[in-house]
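A.B. asks: Here is the input, now give the coordinates:
(chains A, B and C)
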Amino acid sequence: MSELLSLATMVLMLSLLLGLLRILRGPDAGDRMLAAQLIGTAGVGLLMLLSVLLDQPALIDVALILALLAAVAAAAFTGQQREQRDD
Amino acid sequence: MNSTSLLVFDGLLLVSIVSLAWAALASIDARRSVILFMAFGLVLALAWARLRAPDVALAEAAIGAGLSGALLLAALHDHDRTAAGVGSSSTQNQTSAGLTTVIRWSVTLLCAALAVGLGWALVHVFDHPANDALARAVAENLDLSGVSNPVTAVLLNFRAYDTLLELAVLLTAVLGIFALGPARAGYQPAGLIFDGLTRWLVPVLILTAAYLLWVGAHAPGGAFQAGATLAAAGVVLRLAGRHQIGLPAARTLHIVLAAGVGMFLLVGFALLATGRAFLGYPPAWAGSLILLIETAAMLAIAATLVSAFVGGQPESVTIDNEE
Amino acid sequence: MINALSSLLILAGLFFYIAGSIGLLRLPDLYSRLHALTKADNLGLGLLTAGMALQMPNLMTALKLVIIWLAILVASATSAHLIARHARRRESRS
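C.D. replies: Next comes the predicted model:
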């Protein structure tokens, strides 16, 4: 079982890196924000795997934090600021 | 546990840390740099997780991969606006180009030398048997500390002075932030979908912060992680365009910001008054005192981070409450 | 028995993760890439979560994993919406 889990971490890390390649090369502006999506899902998956592999249940809490903060980056990137008040 | 797949994972992790750091610094586009920096933060959190340091991984995930990304992106908004108003500052004269190259190369060489030095030290360390006197000392005294998580014991009991000074540094930082003047204007009211997300995300974040604060006594967690999560709740509210972002009005805000250092000092002086050492908790009370200090610290850290995100002195809460 | 089911779910999850990344690299424009990434990765995470939930020591931890997956699901959907809307706005402006 742990063999499979180790293999899974390797595969997930690879897919994360592949995705980041797109972030680096992507011509569109929004391509960069795809990183936020990728980071959220791949990172949570990796943390779940690592928590069992390394016998660290606290890593699931780390995954929880990541999951909750996943949308914040996209919101910060796309948020429109109000006009600056002149006072 | 040392299967080749895990080694490959470690190798990939190393490669991605270095290349993300390089790419984030080398990128010309500021936005891309920020996104790459966020990715770097996540990979760093994974590295901490891999090194069996879940407390640090928690803090890195909350602050590095979440909050600092939002912070930098918000700062970029300002940068774009001022650059557009002033006109592009692309008057980089040719004479400084040579100097820039020289500086870049000398910094690169210095970093390479530092890396080689550290590598040599690391290899040297592997030759000697592991010296875990510190871990043993902590383990022996854990019962006296009032908590069962060794990290919290070290941070809030054995090395409480360090944490007190860290909180003082945060307080100084907030004073610097307030010196920038009034906060930036907020964000436009969010559309239906993000607003809907906010409605459940913020309560869950607050609950998670309370959970992290409580669980820090016997599992990875604690005041810093809880404070960062609580700050994220305020940041989400801000991003959704609301005026009420959880910060109290001016006078109360000042008290909350000083509460981290203040509670430490209060406890310390109270203990001094009863004849013990400054911050020398009696073992029977240690757990409760630590929780008290951590609660105050969590609120102070959260208020500091939210103030940093709004970019200045937050406007008073008594203005229009449209919601 | 549980291990076999777990392994199957994890492998299926990995397949979808890889599919998402390949889609990210090969698809022509932002919207299709966003579509591929959000859907494939979330499905991959769901299968991975199911597989890992079977490995958890007790029911509460397994439920925690499911809650994490649900949170990611909603956050991903919202992020995808925000990114796509932002890109649309930029298009209509330029």
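A.B. asks: residues from chain C in reach of chain B?
C.D. replies: C:Ala71, C:Val74, C:Ala75, C:Ala77, C:Thr78, C:His81, C:Leu82, C:Arg85 (CB under 8 Å from any CB of the partner chain). Any C-beta I mention is one placed from the backbone N, CA and C, and that applies to glycine too.
A.B. asks: who touches the fourth one in this structure?
C.D. replies: Contacts of C:Ala77 were listed using CB atoms under 8 Å, 6 or more residues apart in numbering or on different chains, and they are B:Ile193, C:Thr38.
A.B. asks: That one sits in which helix or strand?
C.D. replies: helix C:59-93 (DSSP states H and E).
A.B. asks: Mind telling me what element the spatially most central residue of chain A is part of?
C.D. replies: With distances taken as CA atoms, centre = their mean, chain A has A:Ile39 as the residue nearest its mean C-alpha position (1.5 Å). Using DSSP H and E, A:Ile39 maps to helix A:34-53.
A.B. asks: Would you mark the buried spots in the helix holding C:Ala77?
C.D. replies: C:62, C:64-65, C:68-69, C:71-84, C:86-87 (16 or more other CB atoms under 10 Å in any protein chain shown).
A.B. asks: is it true that A:Glu3 touches B:Thr4?
C.D. replies: No. Between A:Glu3 and B:Thr4 there is no contact under CB atoms under 8 Å: 9.6 Å.
A.B. asks: list residues touching both of those two?
C.D. replies: Counting by CB under 8 Å, 6+ apart, nothing touches both A:Glu3 and B:Thr4.
A.B. asks: Kindly state the domain boundaries assigned to chain B.
C.D. replies: Following automatic domain parsing, one gets these domains for chain B: B:1-84, B:148-323.
A.B. asks: could those domains go into a markdown table alongside distance to chain A and mean pLDDT?
C.D. replies: As requested, the domains of chain B are exported to a markdown table (distance: least, CB to the nearest CB, whole Å; pLDDT from 0 to 100):
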| stretch | distance to chain A | mean pLDDT |
| --- | --- | --- |
| domain B:1-84 | 3 | 85 |
| domain B:148-323 | 4 | 88 |
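A.B. asks: out of those domains, nearest to A:Val62?
C.D. replies: Smallest distance to A:Val62 across these (CB to CB): 4.9 Å, for domain B:1-84.
A.B. asks: ok now that closest one, how far from the chain's centre?
C.D. replies: 13 Å (CA atoms, centre = their mean, to the nearest Å).
A.B. asks: Residue nearest the middle of chain B, spatially speaking?
C.D. replies: Central residue of chain B (CA atoms, centre = their mean): B:Ile63, at 4.2 Å.
A.B. asks: tell me the contacts of A:Ala42?
C.D. replies: A:Leu12, A:Ser15, A:Leu16, A:Gly19, C:Tyr17, C:Asp41.
A.B. asks: burial of B:Asp29, as a residue count?
C.D. replies: B:Asp29 is flanked by 11 other residues according to other CB atoms under 10 Å in any protein chain shown.
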